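Asks: how would this look folded up:
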Amino acid sequence: MLKATLRSFLAHKGRLALSALAVVLSVAFVAGSLIFSDTVTRTFDRLFASAAADVTVQPKQSLKSSLPSSLVQAMPAALRDRVARVPGVAAARADVKVQNVVVVDGHDRSIGSTTGAPTIATAWYVSDRSPVKLTSGHAPHGAGEGLLDADTAGKKHVGIGDMLTVQAQPGTFRIRVVGIATFTTTNPGAALVFLDPAVAGRELLGSERLATSVSADAAKGVSDAELKRRIGAAVDTRAYDLKTAGEQAKSAAAALGPFLDVIKYVMLGFAGVALLVGVFLIVNTFSMLIAQRTRELGLLRALGADRRQVRRSVLTEAALLGLVGSTLGLGAGIGLALGLIRLMSTLGMNLKATEMVVGWKTPVAAYVVGLGVTFVAAYLPARRAAAVSPMAALVDAEVAGVGRPLRTRAVVGAVLGAAGAAALAGCAAATRTAQAAALLGAGVALTLIATVVAGPLLVRPVIRVLGAAFPALFGPVGRMSQRNALRNPRRTGATAAALMVGLALVGGMSVASASMSASFDRQIDRTLGADFIIQNTNFTPYTKQVRDTVAATRGVGLVVPQRLTPFAVRLPNGNRVVTSAAAYGPGLDDVVHTTYARGTSAAALADGHLAMDAGFAKDHGVRIGSVLPVEFPGGRHTQLTVGALTDQASANGFGAQGGIWFGLATFDRYVPNGQDSVLYVNAAAGTKPQDLRPRLERALKPFPQVQVRNQTDYKQLVHDQIAVLLYLVYALLALAIVIAVLGVVNTLALSVVERTREIGLLRAIGLGRRQLRRMIRLESVVIAVFGAVLGLALGLVWGVCMQQVLALRGLTALAIPWGTIVGVVIGAAVVGVVAALLPALRASRMNVLAAIAHE
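Replies: Residues are numbered from 1 along each chain as shown. Have a look, this model is predicted:
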């Protein structure tokens, strides 16, 4: 049996090739994502471990926020002297390092990264732990001199002697580049500017008496943990965090984690789609191969092979397919990881391909995925093959069971469909976001499975409608193509299911994204009253010079700044919620239209007061006049009075929990040196907005990171952000379509082999080669459109339910992108034509007599 299995596998290797390709793609994405993330993690671990001091002392951060903030936690530089006196400290220094700067060249162009990596300004120190070394020029001495990293200098064409403008929190200053520093390890993609330590504190923090951390090196024989314990006894650990080199490296790696997770999960999403769609391809392939090998399997049974041996034989072939596909997929995954590494290098993260990491988990995961998916997909066809009696096989009974009843599928599909419909109905009726999202997930999964299970039941009614015009348009050829698609509903349903999955996903996400865009448009129209919104391209805060420049521009009337800060509030029910809060200047009602459940803008902006989302307040027992203990960065505590309750859907909310905001007077008292995140600007009386815009853009030219946007621009910005998600979905669709095309090609190719004698007879009675090719193309088109119709119908239902979940967050508009849907259906027909090209060509080239004599 083993010898027979191996010979059978080799005899059918051509027919299994497309199934193997689906395995290769899925394994490649799994292996590539693991290799890439392991390589980046190892590289940055080495960077962080080599650059971190033995012990680092930093201000304690009790509040954390995902929103961009200008706040720099500073500490007295004099703490360095206390740390230096601790026994076991070989050397100590006060560090100054900030990421809230913008560096501009002499042509008013930002030299910072365009990929999201920060621009870092820091003091220049020379040590054996430095991640950079001076490769040209000299170290900075005094104010007005600085170094630039070599990667940024090369990309931005900056050389020694060039002047740069540094926009920092205390103010703007100019430096002359006197040297170039080159990374000795991996460049994380950031732009680095180095200043003389004697002036770095004054220029970047506003005082030479301030620092951002203190670094201590251990004396010989003193461990990092012991040195941390000794320093902890000498400083106030309630105000400072102490971390060893290992802890600092781990903390820095954890900060990098979300970036790596995005890439990893995106690639694993591609792998999941490839696996899901590939399962249908493999099931169909093995089902058709078993149907074509009915007589062969029957002979094996007649010669003494029992059911278990037949089943084991088919599963062994599947295991061999998975083994080959996994091996090729692992190699493709290494190539994919190499491509990602080179892509990251072009984006500024200079990873080295020679340091690629292939850990033991990668090949294990590759073979588990590849072997697992093929084994699972081939199990049902194997059971079906083993269930055929020797006599039935010898008379060429069709194992695929064209005529077998579909009652079981009908019952299972109906039960799952009813459960899925109930879950989606519950999602639409839910009043809480978490509950609605859970029901949506359950409903999507159940309805998808139900459609796959019941798909063959829908083949005859739907394809009769879709192909109704074929006889009239194409005559007998059209009638035969329609009947060929109806001949085996199981096979047609499984082939179309691969395409259905991808299109259902696209349909649902298209409705959700269109609804989000329409909702944001409606919300912007309803709430935004400013003529212009001024903010950074990466939404980070900017210096006060920007506001001064805007206010001094001719024709500017009202300027209302917005600032953001991490924030914690103790609620009446005892819960402490850490979130982010906004602060606004006077004149808010003239630039933002807010709907109040109770209170007014004046009450919210008053010193010592705040505004809160009415729904959040109700859930936590807060009402007008409630006095709430709050905490600002730096451990500053106070109590604020609730002056207004707002409607989150129309508030000045920036997406943070609680929708909390207050006046600038409150903000400035507890968050000194805060920076503006947004400026809302209205034109002065007698000045048209279209005349003011070019003046603002000219005035802000020295600040290239700052953008002037009107309402239309702001809407486009939101649309572009949503489009990123949609492009990802389209990429998933493209992968699903590629594998679905492979499935259609495989099904048609095997169908041509299965119908060799029939094709020969049709040719013998006068069917021309062109007519034969047309028949196969039409069959492919109707199968592809059938999958598209099912997928889009399912996706539309999912999309409407997604919109109901979004409505609970204030995004109430429902929009259906009919143009996208029509385009997808047309695209499915094109996919059907493309998939049929090779099978139709092969069928038309058959020798008529050989085909008639085929068994």
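Asks: looking at it, residue 817 is touching residue 510, isn't it?
Replies: Yes: assessed by C-beta atoms under 8 Å, residue 817 is found in contact with residue 510 at 5.1 Å. All C-beta atoms are positioned from the backbone trio N, CA, C, and that covers glycine.
Asks: Flag the shaky bits of the stretch 751-855 of the chain, pLDDT-wise.
Replies: 854-855 (pLDDT under 70).
Asks: In terms of packing, which of residue 817 and residue 510 has more residues around it?
Replies: residue 510 (26 against 18; other C-beta atoms under 10 Å).
Asks: What pLDDT is listed against the more buried one?
Replies: The score at residue 510 is 87. That number is its pLDDT.
Asks: residues in contact with it?
Replies: Contacts of residue 510 were listed using C-beta atoms under 8 Å, 6 or more residues apart in numbering, and they are 726, 729, 795, 799, 817, 820, 821.
Asks: In a helix, it, correct?
Replies: Yes: Residue 510 sits within a helix when classified using DSSP: H, G, I helix; E, B strand; the rest coil.
Asks: Give me the distance between it and residue 824.
Replies: Remark: distance between residue 510 and residue 824 (C-beta to C-beta, to the nearest Å) = 8 Å.
Asks: Pass me the low-pLDDT residue ranges in the stretch 351-500 of the chain, would you?
Replies: In the stretch 351-500 of the chain (pLDDT under 70), the answer is 388-389, 391-405.
Asks: So which residues of it form strands?
Replies: Applying DSSP state E, counting those that start in this stretch to the stretch 351-500 of the chain gives no strands.
Asks: who's in contact with residue 734?
Replies: Counted by C-beta under 8 Å, 6+ apart, residue 734 has zero contacts.
Asks: What strand or helix carries it?
Replies: helix 711-754 (DSSP states H and E).
Asks: what does the very next helix or strand once past that helix contact?
Replies: Downstream of helix 711-754, the first helix or strand assigned by DSSP H and E is helix 756-764. With C-beta under 8 Å, 6+ apart as the test, helix 756-764 has contacts from 752, 769, 772, 843, 846, 848-855.
Asks: ditto for stretch 120-139
Replies: 47, 50-53, 93, 95-99, 101, 103, 140, 147, 149-150, 160, 166, 168, 177-185, 190-197, 200-201, 204.
Asks: Just those: which are in strands?
Replies: 93, 95, 97-98, 103, 147, 149, 166, 177-183, 191-195 (DSSP state E).
Asks: For the contacts of residue 510, give me TSV that also has distance to residue 487.
Replies: TSV is the format used below for the contacts of residue 510 (distance: C-beta to C-beta, whole Å):
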residue	distance to residue 487
726	38
729	34
795	28
799	34
817	35
820	33
821	29
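Asks: sec struct for residue 672, please.
Replies: Once three-state DSSP is applied, residue 672 turns out coil.
Asks: Tally up the residues packed near it, please.
Replies: 11.
Asks: swap in the one 10 residues further on?
Replies: Neighbourhood size, residue 682 [other C-beta under 10 Å]: 20.
Asks: residues in contact with it?
Replies: 529, 530, 531, 532, 556, 557, 558, 590, 591.
Asks: State the distance from the first one to residue 274.
Replies: Separation of residue 529 from residue 274 (C-beta to C-beta) stands at 48 Å.
Asks: Of the two, which one has the most company?
Replies: residue 274 (28 against 15).
Asks: Not counting residues beside it along the chain, what's closest to that one?
Replies: In space, residue 274 comes closest to residue 26 once its chain neighbours are excluded; the distance is 3.7 Å by C-beta to C-beta, 6 or more residues apart in numbering.
Asks: where's the one you found, which helix or strand?
Replies: helix 13-51.
Asks: do residue 680 as well
Replies: strand 678-683.
Asks: Distance from the chain centre to that strand, please.
Replies: Distance, stretch centre to chain centre, for strand 678-683: 32 Å (C-alpha atoms, centre = their mean, to the nearest Å).
Asks: Looking at the chain, which strand is longest?
Replies: The longest strand of the chain (DSSP E) is strand 556-570.
Asks: Tell me the strands beside whichever helix or strand comes after that one, with direction?
Replies: For strand 556-570, the succeeding helix or strand toward the C-terminus, using DSSP H and E, is strand 576-584. Sheet pairing here is set by DSSP bridges, and for strand 576-584 it gives strand 556-570 (antiparallel), strand 661-663 (parallel).
Asks: Looking at these, which is nearest to residue 787?
Replies: Closest approach to residue 787 among the strands paired with strand 576-584 is made by strand 556-570 (47.1 Å; C-beta to C-beta).
Asks: Report the buried residues of the closest one.
Replies: 556-569 (16 or more other C-beta atoms under 10 Å).
Asks: pLDDT and distance to residue 308 for these - can I get that in CSV?
Replies: What follows is these, written out as CSV (pLDDT from 0 to 100; distance: C-beta to C-beta, whole Å):
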residue, pLDDT, distance to residue 308
556, 94, 84
557, 93, 86
558, 94, 83
559, 95, 81
560, 94, 78
561, 94, 77
562, 93, 72
563, 91, 73
564, 89, 67
565, 89, 69
566, 88, 65
567, 89, 67
568, 91, 65
569, 93, 67
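Asks: can you put these in TSV and add distance to residue 357?
Replies: Listed next are the buried residues of strand 556-570 as TSV, based on distance: C-beta to C-beta, whole Å:
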residue	distance to residue 357
556	54
557	58
558	56
559	51
560	51
561	47
562	44
563	42
564	38
565	40
566	35
567	40
568	40
569	44
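Asks: Let me know the closest of those residues to residue 376.
Replies: residue 566 (47.5 Å).
Asks: so where is the stretch 601-750 of the chain shaky, pLDDT-wise?
Replies: Residues of the stretch 601-750 of the chain meeting the criterion pLDDT under 70: 648-655.
Asks: The same query, at a cut-off of 90, please.
Replies: Scanning the stretch 601-750 of the chain with the threshold set as pLDDT under 90 gives 615-616, 619, 633-636, 647-659, 671-677, 704-705, 711-712, 714-750.
Asks: Highest neighbour count among the contacts of helix 756-764?
Replies: residue 843 (25 neighbours).
Asks: Excluding sequence neighbours, find me the nearest residue to that residue.
Replies: Leaving aside its sequence neighbours, residue 843 sits nearest to residue 752 (C-beta to C-beta, 6+ apart; 4.7 Å).
Asks: quick check: longest helix of this protein.
Replies: Longest helix of the chain, by residue count under DSSP state H: helix 245-292.
Asks: helix or strand right after that helix?
Replies: Per DSSP H and E, helix 245-292 leads on to helix 294-302 as the next helix or strand towards the C-terminus.
Asks: For residue 695, pull up the helix or strand it's in.
Replies: When the helices and strands are read off by DSSP H and E, the one containing residue 695 is helix 689-699.
Asks: Name the surrounding residues that touch that helix.
Replies: 531-532, 534, 549-550, 552-556, 681, 683, 708, 710.
Asks: Alpha carbons of it, as PDB, please.
Replies: Extracted C-alpha coordinates of helix 689-699, given in PDB (Å, rounded to 0.1, in the frame of the first residue of the first chain):
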ATOM      1  CA  PRO A 689     -11.200  82.400   3.900                       C
ATOM      2  CA  GLN A 690      -9.900  81.700   0.400                       C
ATOM      3  CA  ASP A 691      -7.800  84.900   0.700                       C
ATOM      4  CA  LEU A 692      -6.500  84.000   4.100                       C
ATOM      5  CA  ARG A 693      -5.300  80.500   3.300                       C
ATOM      6  CA  PRO A 694      -2.300  81.500   1.100                       C
ATOM      7  CA  ARG A 695      -1.200  84.000   3.700                       C
ATOM      8  CA  LEU A 696      -1.200  81.300   6.400                       C
ATOM      9  CA  GLU A 697       0.700  78.900   4.200                       C
ATOM     10  CA  ARG A 698       3.300  81.500   3.400                       C
ATOM     11  CA  ALA A 699       3.600  82.500   7.100                       C
END
